[in-house]
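In: Below are the sequence and a predicted model; questions follow.
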Amino acid sequence: MKKNYRTRATLVVLALCLVAVSFLTACGNAASDGQNAAEGTGLEGKISVIGSTSVQPLAQMLADEFNIKEPKVRIDIQGVGSTAGIKAINDSSCDIGMSSRELKEQEKNSKVQEHVIALDGIAIIVHPNNDVQNLSEEDIFKIFSGQITNWQELGGNDGEIIVVSREAGSGTRGAFEELLNLQKKEGDKTISLLIANALIAEGNGAVLANVAGKENAIGYMSLGMVDQTKVKKVAVNGVEATEQNIKDKKYSIARPLLMLTQAEPNQATKAYLDFILSAEGQKIVAEDYIPVN
Amino acid sequence: MKKLRTKDAAITVVIWLCALLTVSGLLWLVIYIVANGLSHINLEFLLSEYKGDKHGILPMILSTCYIVLLSLAISAPIGIGAAIYLVEFTKPGRLLQIIRFATETLAGIPSIIYGLFGFIFFVNVLKFNFSLLSGALTLSIMVLPVIIRTTEETLKAVPLSYREGSLALGATKIQTIWKIILPSAIPGILTAVILSVGRIVGETAAVYLTAGMVTRFATSVMDSGRTLAVHLYMLAKEGLSFEQAFATATVLIVTVALINLLMTKTVGKIKKTMNSR
Amino acid sequence: MLNKHCKSRIKKLRLNRFWEYIAERTLLLCASAAIVSVLIISVYIFYSGLPIFGKAGFREIVFGTEWKPLEGQFGILPMIIASIITTLGAVALAAFIGLMTAVFLAEIAPAGLAKIVRPAVELLAGIPSVVYGFFSLIVLVPLIDKYLGGGGNSLLAAVIILIMMVLPTIINIAESSLRAVPSEYKEGSLALGASQIQTIFKVQIPAAKSGIIAGIVLGMGRAIGETMAVILVIGNTPQIPTSLLDRARTLTSNIALEMSYAEGLHQEALFATGVVLFIFIMLLNIAVTFLFRKAGEGS
C-alpha cells in the first residue's frame, strides 16, 4: 500500500517538475533565441515593431518580403497606435516604433532616430451614393467641428452628417487635426475641436466599414488603405487625393510615415530598415503609398 | 371561471412566445453566420498561414490551442487542488467563507478587467511582454473559479460511504482522496476542464490586451499570438474582409457547439455512473 | 521482535502523517490561489487607477462630462451613464423573457421540446461575445440605420445584443431555482383547485424569488462587464446619450478602445475607469452572494 502510494507521489512530483522544466526551457529558448547563430551565414534575430495602425500593414508587407531574403529574422508587428509606438521606443521596450505623425516636442529624444519610410495622404471619404465631389478645407473644418451638420448646406442630399473619427492617440487623427488646424491652444494644452457626437471608430478599417455602411457618413483615413469599391474619395480644394498630387505637394492633407529606432540599432533591425529604404523596399512602398526618394 | 381560463391561456401564449423568441434569436444568429461563412471554409482556409495573399487561419488555430493547453496546465492542477481542499479538509467556518467569496468574486470580474490586470502585471511588471504566456496566465486566473466550482460539486457528490469504507480499512486521508475519491470524480473534473476550454476559446478582451495579435506561427510561449476570437475581432474591426470574418465566426460557433456536445456526453456519463452505484 | 515491529509501524505512521501534512499544505496553497489572485488584481487595479483621482480630482473624473484625455479632461460620467442605461435596459427585458423561458422549460414544455430548447440555451451561453458583436455589426446596425435612422451605431443596438447575451444566465439560474421549489408546494396548490398558471405565478415563482433575483443580478454583472460585443456596435462617442438612438461609450469600451494607445495620465485615467467598473462589479457580487445565501436559507 505504502509503496504504491509513494510511487504515485513520486509520479506527481515528477509531473510537476516536468511542467516546470518545460516552462523554463521554453522561456529560456525564447531568451536565447536571437543569440545562437548556429548555421548558415544568414542573419538571425527578433525585431519587435510597435506602433501606428496606419503603418502596420506596410511594415508587415515589407517584413514578409524581407523574410524571403532573411528567413531567420523574426519580425513581430503590433499595431497599437502612434503614441504607444513612440512611447515604446522611448523606453526601449521595442526595436522599432511606428508613427504616422510627426513627433511632438516633448516626445523627441536625442537617443531616438527618425526614419521617414513613406509619405501618405489622408483621404476624406464618403459613401459612394453621396453626390458631393469636392470640399474646401474650410468645409471639412466646419463639418468636423460641427458648424455644418447637413449635407444640404454643401449641395448634397438632405441628411444629417455622421462624422466618423478616430480614437484619441491615433496618429492619423493627430495628423488630420493638426493639418486642418482642428485644434486650439489653451495654455500649454492643445484642445481638439472635433464635434462631440462623432462616431469613434477604432482603426482605419473600422472607419472604412462605417462610412461604407452609412449614406450620410464622412470620415478620413490613410490614403493607401482606401478601398474605392466601398467608399468614395472627395477632392480637397479641387485637388484629387492621388499619389502624384501629394508628391507635387498639391494635395495638402499628407503626412510622413515614420519608423523610430535607437541611435545604434542592432544588426537585424538595421538590415530591415536598410531593406525598407532600398530601391526594392521602396518599390513595395510605391504599391500603396508614396516612396520617399 | 371562464375569465380565469382565458387569462391562463393568454399567459401560456406569452410564455410560449418568450421561449420562441429566445430560440429564434439564437437560430437567426447561428444560421445567418453559418450560411454566410460555410462557403468560405475550405482546407486552404483552415490549413494555410496568414501572409501575403494567403488568408488562412492555421496560425490562429494553433495559437488558440497553445493558449488553451497552457492555461489548463496552470489552472487545472491548482483548481482541482483547491476544490479537494475545500471539500475534504475545511470545516465550515471563516476560511471556507473567504475562499468561497474570493471564487465568487473571480467569477464575477469582467474579462476586460482581467485584460487590464494582465496588461499591467504580466506584460509590464513581470516583463513577459505580449506573449502566449501572459495570455495563458491571465486566462488561468479567469477560469479558476469555473474549475474550482465544478470540481467541488462532483467531489461533494461522491458518497460519504466511500470515504468511510476506505478510512475504515486503514487508508490515510490522502490515500482515500487519491485512490477512491478522485477516480470516481474524473467525469466531473473533465466537465470542468471542457467548460474552461469553452471559456478560453471564446475570450477576446483579456487575450487581446495580453497575448497581442501577431499572426505568425508561435514557436515559444514568449511569442505573441492571435487567437481565433481576437482574429475575428480584428477582421470585424478592420472591416476589410467580411468573408473571412464570417468563416472565422463559423469555425468558432462550430467549436463551441462541439464543446457543448462533448459536455452533454460527459454529464450524461456522470449521471449514468452515479445511477449505477 | 515485537518491539521492532512496533517501531517500524510507528515510523510508517509518522511518515504517513508527514506526507499527509505536506499534501494538506499543498492543497491549502492551491485553495488560497483564488484569494491571492483577487488580492493581487484588486491591489494592481487600484494602485494604477487611484493616483489620478488625486491629480485630476475625484469630482472632475466621476462627474466630469468631457472625455478629452490628451487635453487633460478625464470626465467619465458619460460612460457611467451609458453603462447603466445599457445594463438596465438589457436586463429588464432579458429578465422578463428569461423568466418566461425558464417557466417554459421547467413546467410547460413537453419533455421532447425541452430537450431541444435547453441545448439551444446552452449554445447561446457558449457563443463568444465577439461573434455576437460581429453579428450585430453586420445585421442589427444596418437594420436600425434603415428603419430608425441615426447611423445605427447606438445604445439600442448594444441593448439588443446584450439581451441575447444575458438571457442564458438568467434562464439557467431561474430554471434551477424553480426546480428547487419543493414539489409539495405545487401539489398542494393544485390540490386546492388552482390552475397550473396560477400555481406557477402565485406559488412557485414567489418561492423561487431569491434565486431568480440572484440570476438577474448575475446577468447585470455580465451586461455591465461585456466589452467586445458592445465596442463594435455602440459608436464609442464619449457623450451623454439623450435617446436610445444616440451613440455612446460604455466603461468597458472606453478601456478596450484606448488602452493600447494610452500613456501617462491618459493610461491612469483608463485604469480609473477600471476602478469604477470594478466597484460596480463588487457591489453586484456582494448582492449576488447575499441573495444566494438567502435563497439557500429559503429552500
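Out: In hand now; what should we look at? Residues are numbered from 1 along each chain as shown, chains lettered A, B, ... in the order given.
In: residues touching residue A:242, list them.
Out: By Cβ atoms under 8 Å, 6 or more residues apart in numbering or on different chains, the residues touching residue A:242 are residue A:251. (C-beta placed from N, C-alpha, C; glycine too.)
In: Measure how buried residue C:35 is and give me the count.
Out: 18 (other Cβ atoms under 10 Å in any protein chain shown).
In: Okay, helices next: where are they in the stretch 1-150 of chain A?
Out: In the stretch 1-150 of chain A, the helices defined using DSSP state H, counting those that start in this stretch lie at A:2-32, A:56-69, A:82-90, A:137-145.
In: Among those helices, show the one with the smallest mean pLDDT.
Out: With a mean of 47, helix A:2-32 has the lowest mean pLDDT of these.
In: per-residue pLDDT, the closest residue to chain C within the stretch 51-200 of chain A?
Out: Nearest to chain C in the stretch 51-200 of chain A, going by Cβ to the nearest Cβ, is residue A:169, at a distance of 3.0 Å. We have a pLDDT of 72 for residue A:169.
In: how about the residue nearest to residue A:158 when sequence neighbours are not counted, phi and psi?
Out: Distances taken as Cβ to Cβ, 6 or more residues apart in numbering or on different chains place residue A:152 nearest to residue A:158, at 4.9 Å, with adjacent residues excluded. With angles defined as degrees, to the nearest 10, residue A:152 sits at phi -60, psi -40.
In: okay, now residue A:152: neighbour count?
Out: So residue A:152, with other Cβ under 10 Å, has 13 neighbours.
In: do the same with residue C:66
Out: Taking other Cβ under 10 Å as the criterion, the count of residues near residue C:66 is 18.
In: ok, the closest residue to it other than its chain neighbours - how many residues close by?
Out: Nearest in space to residue C:66, with sequence neighbours left out and distances taken as Cβ to Cβ, 6+ apart, is residue C:73 at 4.3 Å. Other residues near residue C:73 come to 18 when the count uses other Cβ under 10 Å.
In: In chain C, what residue comes closest to chain B?
Out: Residue of chain C nearest chain B, by Cβ to the nearest Cβ: residue C:225 (2.3 Å).
In: quick one: the closest residue to that residue other than its chain neighbours from residue A:91, how far?
Out: With sequence-adjacent residues excluded and distances taken as Cβ to Cβ, 6+ apart, residue C:225 is closest to residue B:110, at 2.3 Å. Counting by Cβ to Cβ, to the nearest Å, the gap from residue B:110 to residue A:91 is 29 Å.
In: ok, the two, which is more surrounded?
Out: Higher neighbour count among residue B:110 and residue A:91: residue B:110, with 26 against 9, using other Cβ under 10 Å.
In: Now the more buried one: phi and psi?
Out: The phi/psi pair for residue B:110 (degrees, to the nearest 10) reads phi -70, psi 160.
In: That one touches residue C:229, doesn't it?
Out: No. At 12.0 Å, residue B:110 does not count as touching residue C:229 under the criterion of Cβ atoms under 8 Å.
In: how deep is residue A:238 tucked in, by neighbour count?
Out: 10.
In: just residue A:207 next, same as before
Out: By other Cβ under 10 Å, the residues close to residue A:207 number 30.
In: can you give me the strands in chain B?
Out: Under the criterion DSSP state E, strands of chain B are mapped to B:50-51, B:54-55.
In: Please disregard the earlier target; I meant the stretch 101-250 of chain A.
Out: Residue ranges of the strands in the stretch 101-250 of chain A, as given by DSSP state E, counting those that start in this stretch, are A:112-126, A:134-135, A:162-166, A:183-186, A:189-192, A:199-201, A:217-222, A:232-236.
In: Can I get the last one as PDB, trimmed to CA atoms?
Out: Spelled out, it's strand A:232-236. Output in PDB follows, covering the C-alpha atoms of strand A:232-236 (Å, rounded to 0.1, in the frame of the first residue of the first chain):
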ATOM      1  CA  LYS A 232     -15.600  57.500 -52.500                       C
ATOM      2  CA  LYS A 233     -12.700  59.900 -52.100                       C
ATOM      3  CA  VAL A 234     -13.600  63.500 -52.000                       C
ATOM      4  CA  ALA A 235     -11.300  66.100 -53.700                       C
ATOM      5  CA  VAL A 236     -10.000  68.800 -51.300                       C
END
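In: Please, where are all the strands along the stretch 1-150 of chain C?
Out: C:67-68, C:73-74.
In: Would you give the sheet partners of the first one, along with the direction of each?
Out: Looking back up the chat, that one is strand C:67-68. Strand pairing for strand C:67-68, using DSSP bridges, gives strand C:73-74 (antiparallel).
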